[in-house]
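Engineer: Predicted coordinates and the sequence they were generated for:
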Protein chains: 2
Amino acid sequence: MNTEIISVGTELLLGHVTNTDARDVSEQLAKIGVNVLYHTVVGDNPGRLAQCIEIAKQRADLIITTGGLGPTCDDLTKDILAKSFGLELKRDEAEYQKLYDYISARHAYTENNTKQAMLPEGCTVFHNTCGTAPGCAFEKDGITVIMLPGPPKECLAMLRESVVPYLRKRSGEVIVSHSVRIFGIGESGVDDIFADEMNHMVNPSLAPYAKEADCLLQVTAKASTEAEAEAMCLPVIDHIRDRLGEFVYGIDIDSIEEAAFALLREKHATLAFAESCTGGEAAKRLTDLPGASTVFKGGVVTYTNEAKATLLGIDPDVIETEGAVSYEVAAEMAENVRTILNADLGIGVTGLAGPDGDGVHEVGTVFVSLATENETFVKELHLGSFRTRSFIRRMAGNHIYDMLRRYLSGLSVL
Amino acid sequence: MNTEIISVGTELLLGHVTNTDARDVSEQLAKIGVNVLYHTVVGDNPGRLAQCIEIAKQRADLIITTGGLGPTCDDLTKDILAKSFGLELKRDEAEYQKLYDYISARHAYTENNTKQAMLPEGCTVFHNTCGTAPGCAFEKDGITVIMLPGPPKECLAMLRESVVPYLRKRSGEVIVSHSVRIFGIGESGVDDIFADEMNHMVNPSLAPYAKEADCLLQVTAKASTEAEAEAMCLPVIDHIRDRLGEFVYGIDIDSIEEAAFALLREKHATLAFAESCTGGEAAKRLTDLPGASTVFKGGVVTYTNEAKATLLGIDPDVIETEGAVSYEVAAEMAENVRTILNADLGIGVTGLAGPDGDGVHEVGTVFVSLATENETFVKELHLGSFRTRSFIRRMAGNHIYDMLRRYLSGLSVL
């Protein structure tokens, strides 16, 4: 299927919001092997939207819209699409009832809300589990049309809960996809190792995916049953694990802090942070995860030498002799925060995130450390003086979580 | 001018990256009053890109492309556009020399790099200050074409440094735009106050702009000189200040932490944080700003009651009696961290970011506090049990920086 995603909303054209819906739809579709050829964004303008739909009909057989399903007069996606395909909008009684009950439980029901329950005749209705406007799908003239709500949370939930199953069922085949998360070997390293497989494998397919400070491989298989598709993915994942070994930190998880968090929980280990150049970001990333309080004792952000002395009891002479950005200070930070907060593991991080240097080290020099009851590991990083402050801070955090993961998995930490 | 932005790159269609370039171009153009009607995304495919350009020629008189200017065979934007407009690509000697010098200073120069210096004959060249591939602009058949590099940092720098001045010059008029940043009154409150002005003002124009947990008003004027345009904006900004008073926290800045940071610097005041539910995020936001070390002493993340006792010396009996999420604990956190870190000001934050509650308070209940030498202010927030963990944490941080700003500006803090 060749797909065009049409996102409707003037706020996108004004640059007020980023089109994350198109990315989310693309990502979900790629996982089930559906090909996206175009994204289009158009404002809340009936004439221009109608023209975009005519263009899409010429070049795609699956049209997915996001946005414009709400109750206001700006919300015109359903009207224009129905007209373009010669369909009537009819009130869907089940959706109307849900909508009515939901709204009138909160405040007075106003008639404009009914618009949200008006859907193209004969369509498949997708209930909105995060909001009020339902989505829907229909087939006409050899083209499949799917309409999704604009708010990103609602759009993504409907994609996962309704659209992916709908497309899977229609295709008569099952597509299974797994992401293999990698740390410690760069994108080009992964490309070098798997270039051949990535170019030649079709089903299952193998595709790389690199973002700033992150890297993964996506394995996707199509088959007539889920078990069969899973069985096709398995040897590829095993092959990646064989080749990359301990660089693989997880399958189908979102971040390296999630991998470390799962291991901390499993081992019932507690953790404390002493951060300098990351300024709270490493702790923030762990506490972004619900349930972090089961493993995280707390931390200190010792942004000055004085704070390193006061909060962590680090000898000012050591800072004077070795420098705040040093192996010794990183080691003491991890050791002392571990003791002070009575945690199983202590983490330290001190370095230069830039843009200014300290006259001694290059920007991007960072020491990260992990202290356990019996030993302390310190790693010296050179993350690149040409990198941004935010990259250096994020990458330093990745190294912290990677050290934790390696330690808790029984791998060598350094 | 009616604009279409065409972003070129298969990675966008796979959902690997979000199209922030289109948002950035839209945002910069909106500020100078240029109308964007369409965004299109197409893969690295010559035939489909050529078709997209043909469509754009029919419906836009300014076409801006992002991406596809690099040295690889996937980079085909310039070839296809030049062909579509009947232009030849020629080597730009100045850009070639810069490119050659830059690359050969780092590693061996390979011939494929020269592709980046091949530009449409007669074009205006935009030097890339953040990367190697130059951008350019040309006019043909009544249509203006601008090509920008894909990497977001490069694209945004070229927009600001070259594209905005280029379009301003061509338009023969000067457009000046200012953003008035607001905190403490919601988007709908702002809408209510300024609905009339927003609907009827044309030059200068007044437009709202709301994101999750943030709100601003954009004032834009067109005139024949910059001084004239500035003079037109001024009374509107004054009018907004009159109506919103202390809810205005800054003009043309990016965030509320920037406003607080500027005041801290100006007053030579130092700061320390004691965070519970924000888990390091409040400190992270300050330390995202280069130069934070001039005002930030450090902080503690006391995620457990034990850490509140150990790091801050908070009496466990108080936690027992009042609860960790309480007025008293918030006050002590700010007071104690201020004393311990010898800072002028101490900040405390304790609350429930969810998804789990504590059986006492609703999720979204947060106490934020500010301690000075002589007094302590505590604010109780109810940020909404239906809100996400990330919203609650971000909004709590906004309140922290707003309290700081208000205190340092001599406004009432509560």
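Structural biologist: Done, it's in. Bear in mind that the values here come from a model prediction, so they are computed numbers and not experimental data.
Engineer: where does the stretch 201-350 of chain A dip in pLDDT?
Structural biologist: A:210-213 (pLDDT under 70).
Engineer: residues in it within reach of chain B, list them.
Structural biologist: Residues of the stretch 201-350 of chain A lying near chain B by Cβ under 8 Å from any Cβ of the partner chain: A:207, A:209-211, A:273, A:275, A:278-284, A:286-288, A:290-293, A:296-304, A:306-307, A:310-311, A:340-342. Where C-beta positions appear, they are placed from N, C-alpha and C, glycine not excepted.
Engineer: and the residues you listed, which of them are in strands?
Structural biologist: A:207, A:209-211, A:273, A:275, A:296-301 (DSSP state E).
Engineer: Quick one: name whatever helix or strand follows whichever strand or helix holds residue A:39.
Structural biologist: In the assignment (DSSP states H and E), residue A:39 maps to strand A:35-42. Downstream of strand A:35-42, the first helix or strand assigned by DSSP H and E is helix A:46-59.
Engineer: Please spell out which residue in chain A sits farthest from the middle.
Structural biologist: Most distant from the centre of chain A: residue A:317, at 43.7 Å, with distances by Cα atoms, centre = their mean.
Engineer: quick check, it in a helix?
Structural biologist: Yes: according to DSSP: H, G, I helix; E, B strand; the rest coil, residue A:317 belongs to a helix.
Engineer: gap between it and residue A:131?
Structural biologist: Going from residue A:317 to residue A:131 by Cβ to Cβ, to the nearest Å gives 60 Å.
Engineer: Check residue A:385 too.
Structural biologist: From residue A:385 over to residue A:131 (counting by Cβ to Cβ), the distance is 46 Å.
Engineer: before we move on, what about residue A:147?
Structural biologist: According to Cβ to Cβ, residue A:147 and residue A:131 sit 14 Å apart.
Engineer: okay, these two: which has more neighbours?
Structural biologist: Comparing residue A:147 with residue A:131 by other Cβ atoms under 10 Å in any protein chain shown, the one with more neighbours is residue A:147, at 28 against 18.
Engineer: How about the secondary structure of the more buried one?
Structural biologist: strand.
Engineer: Around chain B, which positions in the stretch 1-150 of chain A sit nearby?
Structural biologist: A:12-20, A:22-30, A:36-43, A:48, A:51-52, A:55, A:59.
Engineer: Pull out the buried members of the residues you listed.
Structural biologist: Buried by 16 or more other Cβ atoms under 10 Å in any protein chain shown: A:12-20, A:22-30, A:36-43, A:48, A:51-52, A:55, out of these.
Engineer: What segments of the stretch 101-250 of chain A are strands?
Structural biologist: Assigned by DSSP state E, counting those that start in this stretch, the stretch 101-250 of chain A shows strands spanning A:118-120, A:124-126, A:135-140, A:143-148, A:174-182, A:205-211, A:214-223, A:248-251.
Engineer: The fifth one pairs with which strands, and in what direction?
Structural biologist: Using DSSP bridges, the strands paired with strand A:174-182 in its sheet are strand A:214-223 (antiparallel), strand A:248-251 (antiparallel).
Engineer: Can you list the buried residues in it?
Structural biologist: Neighbour-count burial for strand A:174-182 [16+ other Cβ under 10 Å]: A:174-182.
Engineer: could I get those as CSV with pLDDT?
Structural biologist: Formatted as CSV, the buried residues of strand A:174-182 follow (pLDDT from 0 to 100):
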residue, pLDDT
A:174, 78
A:175, 79
A:176, 85
A:177, 86
A:178, 91
A:179, 90
A:180, 94
A:181, 94
A:182, 94
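Engineer: could you dump the residues you listed to CSV with distance to residue A:161?
Structural biologist: Below are the buried residues of strand A:174-182 laid out as CSV (distance: Cβ to Cβ, whole Å):
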residue, distance to residue A:161
A:174, 17
A:175, 17
A:176, 17
A:177, 17
A:178, 20
A:179, 20
A:180, 25
A:181, 24
A:182, 29
